[in-house]
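> give me a model of this one.
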Amino acid sequence: MATEASDASGPLGFADRLYDRIPLSPFWTGALVAAALLGVLLAIAAATGDLARLFAREETWWSNRDARLTVLLTVLFAYLPLARRAVVHGARTNLAALRGSFAWGPDGFEAAVRALPRASRRARIAAGSLGVLAVPLTALLVDRDPGLYFRSGYWRAAQLWEFGLGAMLCWMAGTLFHAITFEGRRLSALAHAIASIDLLDRSALAPFARQGLLSSLPGLIVLSFLALNLGDRGWLWATGVLGALALGWTTAVVLLPMRGVHQRLQRAKRDELVRVNAAIRGDDAALVGTTIARRAASAGLADLIEYRRLVEAVPEWPLDPGLRARFLLYVALPLGSWLGGALVERLIDAALG
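Residues are numbered from 1 along each chain as shown. Predicted structure coming up:
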């Protein structure tokens, strides 16, 4: 497993190696890491007196920005390494599914994969470094007062946790987005090596769509994180700016793995329609190489016209109804986070009370 990930999107980081060593499923590994970090956070808050001061206030736990953000950032910190692993290993699974689904020309599937883009350690580091810039950007969008961070008494345990964990989290987010882009580009490029496509049965193209849906989840999780803070007026600007960036990014990475196969489908449709139109005009050899080549001898004019209508109606994206329904469920995550904010507050208050 570790070798596959390293070959895909560059060398494994510390979080990847840690998650590899924990003998649990990815979900429970993330839950364990989040619980451990939250335990450390509570211990620090109790030792510094921040926890006592928090419960001495009349405001609810969820209304306190520092308390809310430290918990949300901790959970997000545990999730991001799992998201990167899911994207990378998902790409490996989808590549394996494509291996026997098509004719890959005289050089075969392995030659097509070797021609794909290779991982760059420098690009990954650059992506992580750019991700860290989100920390000061978010801070300025939320507080809009640079002088706040130089005032006496500002830097308590919660603030140190937020900025320290936030910087590491943004580094991981940058490398995650690099992995998403890298794997999407590889699959998109691979689609151009497909020798022929059966327009009447596009089920073999599903791996491209599955990678697109898998790539969309991290951006939607970020939108969910922002939605959980919508009740805080200070987060309105941050939600607007970062939310627009996350939404635009999510849209782009959903389409990226499917872009190549979309272009390949368009080309296959054009070629098929040229042959069918030639057959309608009376060219007996035009149907050689088409999907209905075996039935060419018995196809009449009405059959050819109906077949042309069928080809024209073939969708040019590899999303079947089931995958479209799954994507709509993913899109509902930010809305569910916003609506569920009050429930999260009550559950955590009950656990800490």
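> count of neighbours near residue 288?
By the measure other CB atoms under 10 Å, the count of residues near residue 288 is 11. Placement of C-beta: from N, CA and C, glycine included.
> right, and it touches residue 296 too?
Yes: using CB atoms under 8 Å, residue 288 is in contact with residue 296, at 7.5 Å.
> and the gap between the nearest residue to residue 189 once chain neighbours are set aside and residue 209?
Leaving out its chain neighbours, the residue that sits closest to residue 189 by CB to CB, 6 or more residues apart in numbering is residue 116, at 5.5 Å. From residue 116 over to residue 209 the distance is 19 Å, taken as CB to CB, to the nearest Å.
> what helix or strand is the closest residue to residue 316 other than its chain neighbours on?
Leaving aside its sequence neighbours, residue 316 sits nearest to residue 265 (CB to CB, 6+ apart; 4.8 Å). According to DSSP states H and E, residue 265 maps onto helix 236-280.
> list the contacts of the residue nearest the centre of the chain.
Nearest to the geometric centre of the chain sits residue 215, at 2.5 Å (CA atoms, centre = their mean). Applying CB atoms under 8 Å, 6 or more residues apart in numbering, we find residue 215 in contact with 87, 180, 183, 184, 253, 254, 256, 257.
> buried ones among those residues?
Buried members of the contacts of residue 215, counted by 16 or more other CB atoms under 10 Å: 87, 180, 183, 184, 253, 254, 256, 257.
> check the secondary structure at the residue lying farthest from the centre of the chain for me.
Distance from the C-alpha centroid of the chain peaks at residue 282, with 49.3 Å (CA atoms, centre = their mean). Classification of residue 282 using DSSP: H, G, I helix; E, B strand; the rest coil returns coil.
> would you mind measuring from it to residue 305?
Applying CB to CB to residue 282 and residue 305 gives a distance of 14 Å.
> ditto for residue 247
Distance from residue 247 to residue 305, by CB to CB: 43 Å.
> ditto for residue 72
Per CB to CB, residue 72 is found 59 Å from residue 305.
> ok, these two, which is more surrounded?
Neighbour count, other CB under 10 Å: between residue 72 and residue 305, residue 72 has more, with 17 against 12.
> pretty sure the more buried one is touching residue 227, no?
No: contact between residue 72 and residue 227 fails when scored by CB under 8 Å: they sit 10.9 Å apart.
> next secondary structure after the helix or strand residue 310 falls within?
Under the criterion of DSSP H and E, residue 310 resides in helix 301-312. Sequence-wise, the next helix or strand downstream of helix 301-312 (DSSP H and E) is helix 321-339.
> returning to that earlier point: neighbour count winner among residue 116 and residue 209?
Neighbours per residue (other CB under 10 Å) separate residue 116 from residue 209, with residue 209 holding more: 24 against 16.
> what score does that one have for pLDDT?
At residue 209, the predicted lDDT confidence score is 94.
> verify the contact between it and residue 258 for me.
Yes: the pair residue 209 and residue 258 passes the contact test of CB under 8 Å, sitting 6.0 Å apart.
> does residue 249 touch residue 173 like I think?
No: using CB under 8 Å, residue 249 makes no contact with residue 173, being 10.5 Å away.
> give me the element the residue nearest to residue 189 is part of.
Secondary structure (DSSP H and E) places residue 116 outside all helices and strands.
> quick check on it: phi, psi?
When quoted as degrees, to the nearest 10, the phi and psi of residue 116 stand at phi -80, psi 160.
> now do the contacts for it.
Contacts of residue 116 by CB under 8 Å, 6+ apart are 186, 189, 190.
> one more pass at 10 Å, please.
Residues in contact with residue 116 (CB atoms under 10 Å, 6 or more residues apart in numbering) are 95, 182, 183, 185, 186, 187, 188, 189, 190, 193.
> ok, and the most crowded of the residues you listed?
residue 183 (29 neighbours).
> now it: closest residue in space that isn't a chain neighbour?
Leaving aside its sequence neighbours, residue 183 sits nearest to residue 91 (CB to CB, 6+ apart; 4.0 Å).
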